[in-house]
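What follows is a predicted structure for the sequence shown.
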Amino acid sequence: MSSFVDKLKPSEPSGSAIIARERAQSDVSVDALSQTLFAGDDFLERQARILPIITAEPLFDKKQQANLSRPDLFKLALARAKVLRRLVDQHSWDITDYKLAETLVDDVSPYFLHMHMFVTAIREQASDEQQAHFLPLITAFKIIGAYAQTELGHVSNVQGIELQARWDPSTKEFTLHSPTLTACKWWNGSLGRTANYAIVVAQLFLPKMGMNTKDKPEYVSHGPHLFVVQVRDLKTHQPLDGVVIGDIGPKFGYDTIDNAYMLFDNFRIPHSALLCRYAKLDPNTGIYSKPAVPAVVYGTMTYVRSLIVHQSRLGLARAVTIAVRYTSIRQQFKDRDNINGVEQAVLDYPTGVYKDARKEIENGNFSPLASMHSMSSGLKSFSLGGHGYGGASGFTRLYSDYLSRVTVEGDNWMITQQVASYLIKRMGEAAAQGPGADASQLEIVNALNGGGHLQNFDILYSDVQIVDAFRRRASFLVYGVYVDRIVEKKPWTSLMIQLNKGLSNTAQSIAFVVEFFQESLSSHGHLSTTTQTVLRSLFRLFAYYHMESEGNDFIQSRAISQSQLDALPGRIQKLMAQIRPHAVKLVDSWMIPDYLLDSALGRYDGQVYEDLFKRAHRLNPLNKITFNPNYWEDEIVKGSKDGWSSILAKL
Ligand SMILES: Cc1cc2nc3c(=O)[nH]c(=O)nc-3n(C[C@H](O)[C@H](O)[C@H](O)COP(=O)(O)OP(=O)(O)OC[C@H]3O[C@@H](n4cnc5c(N)ncnc54)[C@H](O)[C@@H]3O)c2cc1C
């Protein structure tokens, strides 16, 4: 039987033949485009150097990881994290090498918080003296750190954090104490089982000045502050007395990292635990000086937000690579108007192309929106049919690991309000005709106050005017909210949807992407004419797609005329047809190795069906067990006579 299976081949044309044909039909130079996309850093050289080292290491094999239980996945992730750190020493890797290796392995590593939030908080918030003490320990991994801000009850409202750090002038120590269950730290990555140190965010309570320290002093809160705290013994790895700590359990994705809960019971920490680059407390006089900008406490989160955006572009590129390669190979139905012809590739259906286009267009300019990424990778699995849901798609881990990116380090609904506040302030400067006011905002203010006329832009023939149209539309929406909030004084909460959708998420961010994309086109002069034309088509497709779907805003802001809006569907169809032959080569230019894609559907060589079958028939460990299906017998595994006991023991 097995030789019968071994001899079977997919029906013709094979995936390899189709993908080879796809590549042959486009004269886009993959190498030249890759060099352009990654110009300015030595990413391609770095990947070529590091990938063979990673793939040679048995622990980094991904074949069976999807079949592991959470505890086993975590053990594997910790083993991999250790090996990665050893490779740093072995090959003298710098931090960029390490991060690339981590990306290729694709675990959310148990060392993730140590390498990112912990070290960043020390670099940004610790005094020179504290840095001199901690940074060598961090770099050598002599201590492993995490970042504990979130609590069961609060985090978006950081002021609401309940954990207390109470200064005791008599011992010159702080007492960390969780007064309620909702003060329990929660979600803190790398802390559940791995870290022995953490940056802990707590309300700083100081005795009222002038109180006799021998009496029971009256305390006042000075708001959330950062403390660096040892939470586990460095030898036994047990929590220190007064610290209750553990992993919060299963969650969406992130199986390989230990998100923690943590409580403190009158736990004493030294004066030096307060990170004091900005906030200072004199241990002798008890005099406190607050940071000039209290928001500096959240600085570390800003760093991780930019990291999320950075990582999202690769996640997005992975999803698009899989989608484009697979839909070029997947053939389904003949053309209704040509039933004697061959079956059509899914990528040739305008609906498929349309769904894919939105991501594909970002070839020259990755979207900065984490939310867009997680949405898109999710939607990708729907648009790929049944195989998109399978474990071999390459989406299951990507999707679940990225899902949380719209929430972590500031929920998107929250951070878009911060963007909105900034934009409304800027519009206030334009309304006051301030010297540094934004030109596009000034134009709107003047025109809507009767002092000028808003000309339509010519978006069908001018790329620069496409950018202008996006800016106009964004400024117009900001002006609307400015009037509602500042002039008419409407409640902030009543404007929430308008703030999020109209202002920051859609209009501002897309305007930014469009502008950046258009600017990048001018640096492509060295590429072949075909490649430049395709990139320009991608730019236009991206812009037109968004204009068409948000057409009302563009008309209302008089950014475009109705006749140009009406012309967009036809233009979009044409652009898709122009780009279609180059789709596979465009995604090839991202140079994402098969090892990272870990996808039967997105393999470079197009052997989709062979790989799907191999993973099911040869690699799936469930198929190595023969089960006993008879309900009248307790035995589960045939011949084992195990009864319920083995499975019961795991409950
Ligand atoms: C995978 C993962 C890893 C994490 N890692 C860490 C970590 O290492 N360390 C750490 O300290 N924390 C960590 N977190 C916590 C994370 O930072 C918070 O979950 C996140 O900031 C959102 O806060 P919240 O859960 O309190 O949501 P909430 O603030 O309770 O929000 C709940 C809902 O209410 C909405 N909402 C709240 N306030 C407003 C408002 N003013 N206006 C409109 N809508 C509002 C939000 O948009 C959201 O939809 C992690 C979380 C996840 C999921």
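It's in. These numbers were taken from a predicted model, which means no experiment stands behind them.

Quick one: name the residues of this structure near the ligand.
113, 147-150, 155-156, 187-189, 254, 259, 404, 407-411, 413-414, 496 (Cβ under 6 Å from any ligand atom). Where C-beta positions appear, they are placed from N, C-alpha and C, glycine not excepted.

And for stretch 431-446, what's in contact with it?
Here stretch 431-446 makes contact (Cβ atoms under 8 Å, 6 or more residues apart in numbering) with 426-427, 429-430, 452, 454, 468, 471-472, 474-476, 478-479, 482, 486, 557.

In helices, which of those residues fall?
The helices, defined by DSSP state H, take in 426-427, 429-430, 468, 471-472, 474-476, 478-479, 482 from the contacts of stretch 431-446.

Could you pull out the buried residues of the longest helix along the chain?
In the chain, taking DSSP H as the definition, the longest helix is helix 299-329. By 16 or more other Cβ atoms under 10 Å, the buried positions in helix 299-329 come out as 299-301, 303-305, 308-309, 311-329.

sorry, back to before: how about the ones in helices among the contacts of stretch 431-446 in a markdown table, adding neighbour count?
Converted to a markdown table, those look like this (neighbours: other Cβ atoms under 10 Å):
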| residue | neighbour count |
| --- | --- |
| 426 | 18 |
| 427 | 25 |
| 429 | 16 |
| 430 | 23 |
| 468 | 20 |
| 471 | 24 |
| 472 | 27 |
| 474 | 29 |
| 475 | 28 |
| 476 | 24 |
| 478 | 27 |
| 479 | 21 |
| 482 | 24 |
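
low-confidence ranges in the stretch 501-650 of the chain?
501-505 (pLDDT under 70).

at 50 instead, please
By pLDDT under 50, the stretch 501-650 of the chain has no low-scoring segment.

so what secondary structure elements neighbour the longest helix of the chain?
Packing contacts for helix 299-329, counted by 3 or more Cβ pairs under 8 Å, 6 or more residues apart in numbering; DSSP states H and E, involve helix 15-24, helix 119-125, strand 343-345, helix 350-360, helix 370-383, helix 396-402, helix 583-588, helix 594-597.

change it to 6 Å
Contact analysis of helix 299-329 by 3 or more Cβ pairs under 6 Å, 6 or more residues apart in numbering; DSSP states H and E lists helix 15-24, helix 119-125, helix 350-360, helix 370-383, helix 583-588 as its packing neighbours.

Could you give the average pLDDT over that helix?
For helix 299-329, mean pLDDT is 85.

what's the angle between it and helix 15-24?
Between helix 299-329 and helix 15-24, the angle comes out at 110 degrees (axes from the mean of the first three to the mean of the last three Cα atoms, to 10 degrees).

let's number from 477 now, not from 1
Okay, using 477 as the starting number, the last item reads as helix 775-805.

Now residue 641: which helix or strand?
strand 640-644 (DSSP states H and E).

strands paired with the helix or strand that comes right after that strand, and their directions?
Using DSSP H and E, the helix or strand that follows strand 640-644 in sequence is strand 649-653. Sheet neighbours of strand 649-653, with direction, are listed as strand 640-644 (antiparallel), strand 743-746 (antiparallel) (DSSP bridges).

The longest one: which residues count as buried?
If I follow you right, that is strand 640-644. Within strand 640-644, the residues scored as buried using 16+ other Cβ under 10 Å are 640, 641, 642, 643.

Closest to residue 1071 out of those?
residue 641 (45.4 Å; Cβ to Cβ).

how much space between that closest one and residue 518?
According to Cβ to Cβ, to the nearest Å, residue 641 and residue 518 sit 44 Å apart.

do the same with residue 797
From residue 797 over to residue 518 (counting by Cβ to Cβ), the distance is 22 Å.

Who are the contact partners of residue 887?
Taking Cβ atoms under 6 Å, 6 or more residues apart in numbering as the criterion, residue 887 is in contact with residue 632.

What strand or helix carries residue 675?
Applying DSSP H and E as the criterion places residue 675 in strand 673-683.

all strands for the protein, in order.
621-624, 640-644, 649-653, 661-664, 673-683, 695-706, 719-723, 736-740, 743-746, 756-757, 764-765, 807-810, 819-821 (DSSP state E).

mind checking which of those is nearest residue 966?
With Cβ to Cβ as the measure, strand 695-706 is the member of these nearest residue 966 (29.3 Å).

And residue 596, how far from the ligand?
12 Å (Cβ to the nearest ligand atom, to the nearest Å).

thinking that residue is in contact with residue 779, fair?
Yes - using Cβ atoms under 6 Å as the test, residue 596 is close enough to residue 779 to be in contact (4.9 Å).

and the residue in the stretch 727-876 of the chain positioned nearest to the ligand, what does it touch?
The minimum distance from the stretch 727-876 of the chain to the ligand, using Cβ to the nearest ligand atom, falls at residue 730 (4.9 Å). Residue 730 makes contact with residue 584 under the criterion Cβ under 6 Å, 6+ apart.

hmm, try it at 10 Å
When contacts are counted by Cβ atoms under 10 Å, 6 or more residues apart in numbering, residue 730 is found next to 583, 584, 588, 663, 665, 873, 876, 877, 879, 880, 884.

Just the buried ones out of those residues, please.
Buried among the contacts of residue 730 by 16+ other Cβ under 10 Å: 583, 584, 588, 663, 665, 873, 876, 877, 879, 880, 884.

And the furthest pair within the residues you listed?
Once Cβ to Cβ is applied, those give 663 and 873 as the farthest pair, at 19.5 Å.

circling back: note down every partner strand of the strand holding residue 675 and its orientation.
Strand 673-683 has these strand partners (DSSP bridges): strand 621-624 (parallel), strand 640-644 (parallel), strand 695-706 (antiparallel).

circling back to that earlier point, lowest-confidence one in the buried ones among the contacts of residue 730?
pLDDT across the buried ones among the contacts of residue 730 is lowest for residue 884, at 79.

Looks like residue 665 contacts residue 625 (just checking).
No - counting by Cβ atoms under 10 Å, residue 665 does not reach residue 625; the two are 11.0 Å apart.

what residues are shared contacts of those two?
With contacts defined as Cβ under 10 Å, 6+ apart, the residues shared by residue 665 and residue 625 are residue 593.

gap between the residue of the stretch 777-926 of the chain found nearest the ligand and residue 771?
Going by Cβ to the nearest ligand atom, the ligand is nearest to residue 889 of the stretch 777-926 of the chain, at 3.2 Å. Separation of residue 889 from residue 771 (Cβ to Cβ) stands at 19 Å.

between those two, which one's more packed in?
Neighbour tally, residue 889 and residue 771, criterion other Cβ atoms under 10 Å: the higher count belongs to residue 889, 15 against 10.

contacting residues around the more buried one?
Residue 889 is in contact with 632, 882, 883, 972, 973, 975, 976, 981, counting by Cβ under 10 Å, 6+ apart.

For the residue lying closest to the first one once chain neighbours are set aside, give me its contacts.
Read it as residue 632. Nearest non-adjacent residue to residue 632, counting by Cβ to Cβ, 6 or more residues apart in numbering: residue 890, 4.9 Å away. Residue 890 sits next to 631, 632, 633, 883, 976 when contact means Cβ under 10 Å, 6+ apart.

if I look at residue 890, how far off is residue 967?
Distance, residue 890 to residue 967, using Cβ to Cβ: 17 Å.

buried set for stretch 982-1000?
Within stretch 982-1000, the residues scored as buried using 16+ other Cβ under 10 Å are 982-991, 993-994, 997, 1000.
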